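Colleague: Structure of the sequence below:
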Amino acid sequence: MPGQSGWSRGWDTTGLDGAVVAMVQSESEASPRTVLVTGATGLLGSHVAERLVARGAAVRALVRQGSRTEFLDSLGVEVVRGDLTNPRDCDAATAGVAQLYHCAAKVGDWGTWPEFQRGCMDATRTLAEAAGRAGVERFLHISSTSAYGHPADRERPVDETEPLGQNIWFMDYYTRSKVDCERILWDLADRSGLPLTIIRPSWLFGERDRTTIPRFLREFGRRRVLVLGKGDNPLSAVYAGVVAEAAILAAHDPGSRGEAYNITNQGPITQREFLDLIADALQVPRVRRHIPYRVAYGGGFLMEMQGRLLRQQRPPRVTRYGAWLLGRYLAYSTEKARARLGWQPSIGYRESIERTIRWFREPSADPVGRT
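Modeller: Purely as a prediction, here's the structure:
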């Protein structure tokens with residue numbers, strides 16, 4: 001049953017007796033199977049690769065030409081360079097692969113639709129078709145809770161039975177790309193038997209983050225962070241390491257083929273509590289100033305429209321999506337993953353935030369490359 005053995009719990013040897021540890025290690029060493037990770041130079045992909053290597057897997061990473069791979073090299077990961085939209089590159093990368101963790105995508109809520117089309121939908125379809133030709137045993141796709149669209153605020157958490165693509169906003173390319181990627185993959189699973197499992201994380205943070213924490217560091221440094229509304233709304237933010245652990249559990253669970261799992265939190269936390277933990281880790285004053293949510297959302301919309309008219313390459317300081325992530329009254333249920341996989345976050349918010357901030361403050365801290 002899922003979650004009952006050391007293997008299905010992510011090979012966590014903590015608390016296991018010596019015989020069990022030896023058995024798990026000998027099994028992985030006796031028959032290492034190649035595992036492919038895309039997006040391994042990014043936030044979540046690097047955490048997935050790190051945990052797979054720690055568990056004795058032979059990890060291969062498909063990265064772009066020119067990507068920096070120092071972190072992957074330090075792990076002993078086999079690096080293959082290529083383009084996710086090139087069938088030949090994907091065929092070469094998937095050859096002999098038992099499991100595939102597709103973490104690569106165009107990240108963030110800013111960009112043109114052609115960029116999202118190529119970096120998300122085209123790349124996902126090409127890779128999935130190559131995985132089918134290679135006979136990959138499990139295709140683990142990292143999606144997002146954004147695939148649900150923007151459900152209305154409510155008390156009841158969103159679970160995996162919720163329909164995809166609700167209330168997609170005008171020019172909300174990121175959300176639209178997440179919906180379309182899932183639809184492509186579910187269609188391939190139905191038509192060609194793609195052995196698909198999907199993980200839907202929420203707002204990610206952690207070491208090697210190039211989206212969330214760098215913005216917070218900049219905004220906290222300039223004392224421009226504001227609490228949206230009262231700050232008592234549930235926040236769906238999750239450390240990349242615990243998402244990686246859930247992904248590995250799901251990929252190794254035979255019953256998870258054809259299933260999707262929300263992995264969105266490390267326990268209940270409010271917007272204010274999350275901001276307080278970041279301030280404490282940075283050793284700066286906690287945020288006391290508030291702004292109404294609707295004002296922040298409206299300001300984000302105006303900044304986005306101005307940015308698009310001026311064809312700005314960098315995202316505006318405030319976006320609708322950023323305001324929504326921080327100020328919405330909405331949560332996502334993780335009960336399915338807890339019940340079926342035996343998944344439990346291995347680290348709490350305080351420790352994971354402190355670990356993340358500490359990494360960014362190290363002189364050697366540097367993003368690991370482009371996904």
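
Colleague: what about L235, neighbour count?
Modeller: 25 (other Cβ atoms under 10 Å). Backbone N, C-alpha and C define where each C-beta goes, glycine included.

Colleague: what's the pLDDT at it?
Modeller: In this model, L235 is scored at 96, pLDDT.

Colleague: Next, the contact list for it, please.
Modeller: L235 makes contacts with 203, 265, 269-271, 273-274, 326, as judged by Cβ atoms under 8 Å, 6 or more residues apart in numbering.

Colleague: Export these as JSON lines, with columns for secondary structure, distance to R176 and neighbour count.
Modeller: Output for the contacts of L235, formatted as JSON lines (DSSP: H, G, I helix; E, B strand; the rest coil; distance: Cβ to Cβ, whole Å; neighbours: other Cβ atoms under 10 Å):
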{"residue": "W203", "secondary structure": "strand", "distance to R176": "18", "neighbour count": "20"}
{"residue": "N265", "secondary structure": "coil", "distance to R176": "25", "neighbour count": "24"}
{"residue": "I269", "secondary structure": "coil", "distance to R176": "28", "neighbour count": "18"}
{"residue": "T270", "secondary structure": "strand", "distance to R176": "29", "neighbour count": "15"}
{"residue": "Q271", "secondary structure": "helix", "distance to R176": "26", "neighbour count": "24"}
{"residue": "E273", "secondary structure": "helix", "distance to R176": "31", "neighbour count": "15"}
{"residue": "F274", "secondary structure": "helix", "distance to R176": "27", "neighbour count": "20"}
{"residue": "L326", "secondary structure": "helix", "distance to R176": "21", "neighbour count": "23"}
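
Colleague: Out of the residues you listed, which comes closest to I291?
Modeller: Comparing those against I291 with Cβ to Cβ places L326 closest, at 10.5 Å.

Colleague: what sits against the closest one?
Modeller: Neighbours of L326 in contact, by Cβ under 8 Å, 6+ apart: 228, 235, 271, 296.

Colleague: just checking, R125 touches E182?
Modeller: No. Under the criterion of Cβ atoms under 8 Å, R125 is not in contact with E182, lying 11.9 Å apart.

Colleague: Those two: who's more crowded?
Modeller: Of the pair R125 and E182, E182 is the one with more neighbours under other Cβ under 10 Å, namely 22 against 18.

Colleague: Hmm, the more buried one is touching S143, no?
Modeller: Yes. Using Cβ under 8 Å, E182 is in contact with S143, at 5.5 Å.

Colleague: Common neighbours of the two, please.
Modeller: With Cβ under 8 Å, 6+ apart as the test, E182 and S143 both reach I198.

Colleague: Find me the pLDDT at V24, would you?
Modeller: Residue-level pLDDT assigned to V24 equals 35.

Colleague: Am I right that E50 is in contact with G76?
Modeller: No. Look at E50 against G76 with Cβ under 8 Å: they stay out of range, at 10.9 Å.

Colleague: more crowded one of these two?
Modeller: Between E50 and G76, counted using other Cβ under 10 Å, the more crowded position is E50 (23 against 9).

Colleague: residue contacts, the more buried one?
Modeller: Counted by Cβ under 8 Å, 6+ apart, E50 has contacts 75, 244.

Colleague: quick one: it and S74, what's the gap?
Modeller: E50 is 10 Å from S74, where distance means Cβ to Cβ, to the nearest Å.

Colleague: of all the contacts of L326, which two lie farthest apart?
Modeller: Among these, L235 and A296 lie farthest apart (Cβ to Cβ), at 14.7 Å.

Colleague: Could I get the pLDDT score of the residue nearest to R308 when sequence neighbours are not counted?
Modeller: Leaving aside its sequence neighbours, R308 sits nearest to M171 (Cβ to Cβ, 6 or more residues apart in numbering; 7.1 Å). pLDDT recorded at M171 is 89.

Colleague: ok, for R224, nearest residue in space, not its chain neighbours?
Modeller: In space, R224 is closest to R317, 8.0 Å off (Cβ to Cβ, 6+ apart).
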